[in-house]
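Participant: predicted model and sequence follow; I will ask about them next.
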Amino acid sequence: MAEAWCPASCGELLQGWILGGEKLISCPINWYSKVLVIEGKPGKCERPRMRHMVKQILVHFGESPLLAEHICIKFESTIPVAKGLASSTADIAATAVATARLLGHSLSDKTLAKLCVVLEPTDSTIFKHLTLFDHQTAQTQIPFPWLPDIDIVLLESPKTLLTEEFHKRYRHLSLLNQAPTLAKAMQQFRLANERRCCYRLGEATTLSAIASESDLPKPQFHQLLDIVEDCGIYGLNVAHSGSVIGLLFNRRQHDLDYLLHVLHRKKLFKYYPQMHLLKMIAGGVR
């Protein structure tokens, strides 16, 4: 028996055309997918890519993929799917690490990344540090060793969007048009990391969110930008291939009650009926 946990992500801090290709930096949060693998018959409630990952791990360690027929996957996750919360990455990454542990092995972050992108575009929640990541090839992995002290009001829209379908869209020209804004966002992000400044981080994430609007508009986005200014919080971030929005703040510095009051007063919960109060955390599979 072996188990592993992987965090979800509140969309992305940044995503777009950076360093010659599309890359992202995920926003890991304290919401997890927990996977348990045990010897036994496969269950009926598995998610297909978790089973694919078990076979992939067996092959990676020189075992027959037929051994998967004797491995049972059990999982617990309340992470909403198809919202931009990295639920699928959490599932397959935790499955990979748990299966490796069952076999008596471990996986480095770099190896895990390469295994995950074979199955689908992957979020950088699999890394311990905030990481600029080529989510489709795993060729770029640039860590930023800073864990900002940030609380998040996560606004969940009822809309769903499969990440894989989003990445099949032709977006090349749009990404190139957004590149100057993403360059500014990346510059702000680097400064935020160097100076440990959450306000600069918020500027970076907000720039990236604004650029994303041309590809995937969010309901009442400009009202939310006004709320950021009104409440004096760090900024906002979005799921660039999903429907959630995060309002970034610190409950010791900012007035959470006032922020929620403004959201209610402006009737934002009509568009985002589910609200979650979360925390940015270190990434990586536990």
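Facilitator: Thanks, I have the structure now.
Participant: helix or strand right after the helix or strand bottoming out on mean pLDDT in the chain?
Facilitator: Ranking every helix and strand in the chain by mean pLDDT, DSSP states H and E puts helix 163-167 at the bottom, with a mean of 75. Going down the chain from helix 163-167, the next helix or strand is helix 172-195, by DSSP states H and E.
Participant: rewinding a little: in the least confident helix or strand of the chain, what counts as buried?
Facilitator: The neighbour-count check on helix 163-167 (16 or more other CB atoms under 10 Å) flags 163, 166 as buried. Just so you know, the C-beta spots here come from the backbone N, C-alpha and C atoms, and that holds for glycine as well.
Participant: cool, stretch 50-65 as well?
Facilitator: 50-58, 60.
Participant: and that stretch, average pLDDT?
Facilitator: Averaging pLDDT along stretch 50-65 gives 97.
Participant: for it, the distance to its chain's centre please.
Facilitator: Mean-position distance between stretch 50-65 and its chain equals 24 Å (CA atoms, centre = their mean, to the nearest Å).
Participant: got the contact list for that stretch?
Facilitator: Around stretch 50-65, the neighbours that count as contacts under CB atoms under 8 Å, 6 or more residues apart in numbering are 35, 37, 42, 67-68, 71, 73, 75, 91-92, 95-96, 99-100, 103, 105, 111, 115-116, 118-119.
Participant: one more time with 6 Å, if that's ok
Facilitator: With contact meaning CB atoms under 6 Å, 6 or more residues apart in numbering, stretch 50-65 is reached by 67-68, 71, 73, 91-92, 95-96, 99-100, 103, 105, 115, 119.
Participant: what ranges in this protein fall below the confidence cut-off?
Facilitator: 167 (pLDDT under 70).
Participant: can you pull out the helices in it?
Facilitator: Assigned by DSSP state H, the chain shows helices spanning 48-60, 87-102, 109-119, 163-167, 172-195, 198-212, 221-231, 256-265.
Participant: one step back: for the buried residues of stretch 50-65, give me a markdown table that also has distance to residue 230.
Facilitator: Listed next are the buried residues of stretch 50-65 as a markdown table, based on distance: CB to CB, whole Å:
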| residue | distance to residue 230 |
| --- | --- |
| 50 | 43 |
| 51 | 48 |
| 52 | 46 |
| 53 | 44 |
| 54 | 49 |
| 55 | 51 |
| 56 | 48 |
| 57 | 49 |
| 58 | 54 |
| 60 | 51 |
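Participant: among those, which one lies nearest to residue 247?
Facilitator: Using CB to CB, residue 50 comes nearest to residue 247 of these, at 31.8 Å.
Participant: list the buried residues in the strand ranked longest in the chain.
Facilitator: The strand that spans the most residues within the chain, counting by DSSP state E, is strand 21-39. For strand 21-39, the neighbour count (16+ other CB under 10 Å) marks 22-29, 31-37 as buried.
Participant: could you give the angle of that strand to helix 172-195?
Facilitator: 80 degrees (axes from the mean of the first three to the mean of the last three CA atoms, to 10 degrees).
Participant: state the distance from residue 276 to residue 215.
Facilitator: As for residue 276, its distance to residue 215 is 24 Å (criterion: CB to CB, to the nearest Å).
Participant: ditto for residue 41
Facilitator: For residue 41 relative to residue 215 (CB to CB), the value is 44 Å.
Participant: of these two, give the one with the bigger neighbour count.
Facilitator: residue 215 (17 against 9; other CB atoms under 10 Å).
Participant: okay, now the nearest residue to that one once chain neighbours are set aside: neighbour count?
Facilitator: Once flanking residues are discounted, residue 215 sits nearest to residue 174: 5.5 Å by CB to CB, 6 or more residues apart in numbering. Using other CB under 10 Å, residue 174 has 16 neighbouring residues.
Participant: for the one 5 residues further on, same thing?
Facilitator: By the measure other CB under 10 Å, the count of residues near residue 179 is 16.
Participant: for it, which non-adjacent residue is spatially closest?
Facilitator: Nearest to residue 179 is residue 17, by CB to CB, 6+ apart, at 4.1 Å.
Participant: quick check: bridge partners of the one you found?
Facilitator: residue 22 (DSSP bridges).
Participant: just to revisit the earlier point, other SSEs contacting the longest strand of the chain?
Facilitator: Packing contacts for strand 21-39, counted by 3 or more CB pairs under 6 Å, 6 or more residues apart in numbering; DSSP states H and E, involve strand 2-18, strand 71-77, helix 87-102, strand 130-133, strand 274-279.
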